[in-house]
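K.L.:
kindly generate the corresponding structure for this input.
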Amino acid sequence: MAERYDDAKGTDGIPMSAEIQMIPETEDEITTLFEEYAAGFDDFDAEAVADCFAYPCTIWQLGAGNVFLDREELLENIEALLAVYDTEEIVHSTFEVKSLVAAGATAFANLSWRQEREDGEAAMEFACRYALIDGHEGWRIATVFNEDEADGDEGAGSSG
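P.N.:
Reported below is the predicted structural model:
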């Protein structure tokens, strides 16, 4: 599932694939985090979505970083986003892990998302990058980088 960047070289000239050894257990735990994240959106459960974050956290969107110091601040943002999903009649979110790299208690993930209406029509398709941290509650999202259309990413949208 995780892309290994087999042709990329590190700063020391050693292929990055030799430097990156993803532990299957870590990959499974991070995938589970994103499954729970998607399920929270599907269930319109702001609390479940907020459970996927470490605090403070940052969401980068439209060229600006928004810092959420605690769960209550982020819940306001999630509830506003769920209201948009309701208006757009989004009922199901799926993702594909494009790349995943973990080192110690940190990881970076690149995901493509598809959010669908009841009839299966795509309401939104976009990509996000995530910085993750493994803490006492397991893997959590520390930072979201939404890819904006202005960045040249066709089909990008805003989400969490």
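K.L.:
out of the helices and strands in this protein, which is least certain?
P.N.:
helix 16-19 (a mean of 44; mean pLDDT, DSSP states H and E).
K.L.:
host element of residue 33?
P.N.:
helix 24-42 (DSSP states H and E).
K.L.:
tell me which other helices or strands that helix touches.
P.N.:
Counting contacts by 3 or more C-beta pairs under 8 Å, 6 or more residues apart in numbering; DSSP states H and E, helix 24-42 packs against helix 46-50, strand 90-103, strand 106-117, strand 122-135, strand 138-146. In short, each C-beta sits where N, CA and C put it, glycine included.
K.L.:
burial count for residue 36?
P.N.:
Residue 36 has 13 neighbouring residues, counting by other C-beta atoms under 10 Å.
K.L.:
hang on, isn't it packed against residue 48?
P.N.:
Yes. Between residue 36 and residue 48 there is a contact under C-beta atoms under 8 Å: 6.8 Å.
K.L.:
show me what counts as buried in the helix holding residue 33.
P.N.:
26-27, 29-31, 33-34, 37-38, 40-42 (16 or more other C-beta atoms under 10 Å).
K.L.:
and residue 74, which of the helices and strands packed on helix 24-42 is closest to it?
P.N.:
helix 46-50 (5.5 Å; C-beta to C-beta).
K.L.:
what is the subsequent helix or strand relative to that closest one?
P.N.:
According to DSSP H and E, the helix or strand after helix 46-50 is strand 53-61.
K.L.:
and that next one, what other elements does it pack with?
P.N.:
Using 3+ C-beta pairs under 8 Å, 6+ apart, strand 53-61 is in contact with strand 64-68, helix 71-87, strand 138-146.
K.L.:
same list (the ones you listed) but as a markdown table, adding distance to residue 101.
P.N.:
As requested, those are exported to a markdown table (distance: least, C-beta to C-beta, whole Å):
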| stretch | distance to residue 101 |
| --- | --- |
| strand 64-68 | 21 |
| helix 71-87 | 25 |
| strand 138-146 | 13 |
